[in-house]
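Colleague: below: sequence and its predicted model.
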2 protein chains.
Amino acid sequence: MEKKEPQLCKVEDTLNILTGKWKPIILFHLLVNGTQRFSELKRAIPGVTRKMLTTHLRELEEQDIVLREVYPQVPPKVEYSITEYGRTIEPILDAMHEWGAKHLEHMNSTEHQERVKEKQS
Amino acid sequence: MEKKEPQLCKVEDTLNILTGKWKPIILFHLLVNGTQRFSELKRAIPGVTRKMLTTHLRELEEQDIVLREVYPQVPPKVEYSITEYGRTIEPILDAMHEWGAKHLEHMNSTEHQERVKEKQS
DNA sequence: CAGGATCCACGACGATACTG
DNA sequence: CAGTATCGTCGTGGATCCTG
């Protein structure tokens, strides 16, 4: 294995947790709406399949970001929620949301558009 | 196209900018060491190919995170640096680095290891 | 020196069918 | 209801060769 800057690995670790097509939106719903059943999450996230929802939820559970509670009954009932520890990542999501919003503005700003035009010439 | 929570889209936009196998380490080197030539970056990042380095640098340039300066001479000389705007993302990288470090501790903590053991039984 | 062009491998994701 | 199993697709990244 190659060696990397130790500083950097941690950034990539954090990235790995958030990376996955549905993970941000899953976290968003659990953070905003609290505990939710599997089917509630599925309904709340249009386009996600059961497979991907399961996969991503299990990965988040492994990371101790999400808590999975199974109620042994028929029909089955499984509830998901953010762990106390999982909430520590919320500030990062907020920061990313804010920066992302500013970024969209920036990319549409006049100055940037003009720089783009220059390059084309 | 499906509609998504507007809040969320911005998080994903930010994620998209940092996502790419070499992007974090590229940004790290440019932030720490300042302006660097293509070959300097390549040497500083073991394992990266010219192709991927070029690809990622160009993407970062499109996002106005990185500045690319070509010196018209033979042999060619191209320098890359973080734009002033690009530096606005540094706090997020720092936050991710800190959280990542804490996360590694957390996953190795006694309490977490015990939770893992419980699940296995 | 700093690329561009091709071709290829692999893993993430998706569609569908089946199940306790 | 909340999954699992299987198969197919597609995009990211890598290997290699060529060029101004």
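Modeller: Great, that's in hand.

Colleague: would you confirm that residue A:35 contacts residue A:80?
Modeller: Yes - with contact defined as CB atoms under 8 Å, residue A:35 counts as touching residue A:80 (7.0 Å). Every C-beta, even on glycine, is put in place using the N, C-alpha and C of the backbone.

Colleague: more neighbours, the two?
Modeller: The neighbour comparison of residue A:35 against residue A:80 (other CB atoms under 10 Å in any protein chain shown) goes to residue A:80, with 22 against 12.

Colleague: just the CA trace of the helix or strand in which that one is found, in CSV.
Modeller: Assigned by DSSP states H and E, residue A:80 belongs to strand A:77-82. What follows is strand A:77-82 as a C-alpha-only set of coordinates in CSV (Å, rounded to 0.1, in the frame of the first residue of the first chain):
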residue,chain,number,x,y,z
LYS,A,77,-41.6,-3.6,11.6
VAL,A,78,-38.2,-2.0,11.5
GLU,A,79,-37.4,1.5,12.6
TYR,A,80,-34.4,3.6,11.7
SER,A,81,-33.1,6.7,13.5
ILE,A,82,-30.0,8.8,13.8
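
Colleague: touching chain B at all, it?
Modeller: No - applying CB under 8 Å from any CB of the partner chain, one finds strand A:77-82 separated from chain B by no less than 14.5 Å.

Colleague: give the rounded mean pLDDT of that strand.
Modeller: Regarding strand A:77-82, the rounded mean pLDDT is 98.

Colleague: helix or strand next in line after it, which one?
Modeller: helix A:90-108.

Colleague: helix or strand for the spatially most central residue of chain A, which one?
Modeller: Chain A has residue A:24 as the residue nearest its centroid, 1.9 Å off, counting by CA atoms, centre = their mean. Using DSSP H and E, residue A:24 sits within helix A:23-33.

Colleague: and the angle from that helix to helix A:90-108?
Modeller: 120 degrees (axes from the mean of the first three to the mean of the last three CA atoms, to 10 degrees).

Colleague: now helix A:23-33, how far from the centre of its chain.
Modeller: Here the centre of helix A:23-33 is set off from its chain's centre by 7 Å, with CA atoms, centre = their mean, to the nearest Å.

Colleague: would you mind extracting the C-alpha trace of that helix into PDB?
Modeller: C-alpha atoms of helix A:23-33 as PDB (Å, rounded to 0.1, in the frame of the first residue of the first chain):
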ATOM      1  CA  LYS A  23     -27.000   8.600   1.800                       C
ATOM      2  CA  PRO A  24     -27.400  12.400   2.100                       C
ATOM      3  CA  ILE A  25     -31.100  12.300   1.500                       C
ATOM      4  CA  ILE A  26     -31.500   9.400   4.000                       C
ATOM      5  CA  LEU A  27     -29.600  11.300   6.600                       C
ATOM      6  CA  PHE A  28     -31.600  14.400   5.800                       C
ATOM      7  CA  HIS A  29     -34.900  12.700   6.400                       C
ATOM      8  CA  LEU A  30     -33.800  10.900   9.600                       C
ATOM      9  CA  LEU A  31     -32.400  14.200  11.000                       C
ATOM     10  CA  VAL A  32     -35.500  16.200  10.200                       C
ATOM     11  CA  ASN A  33     -38.200  13.700  10.800                       C
END
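
Colleague: so it, near DNA strand C or not?
Modeller: No - Helix A:23-33 is not in contact with DNA strand C by CB under 7 Å from any atom of the strand; minimum separation 7.8 Å.

Colleague: so out of everything in chain A, what residue is nearest DNA strand D?
Modeller: residue A:39 (2.9 Å; CB to the nearest atom of the strand).
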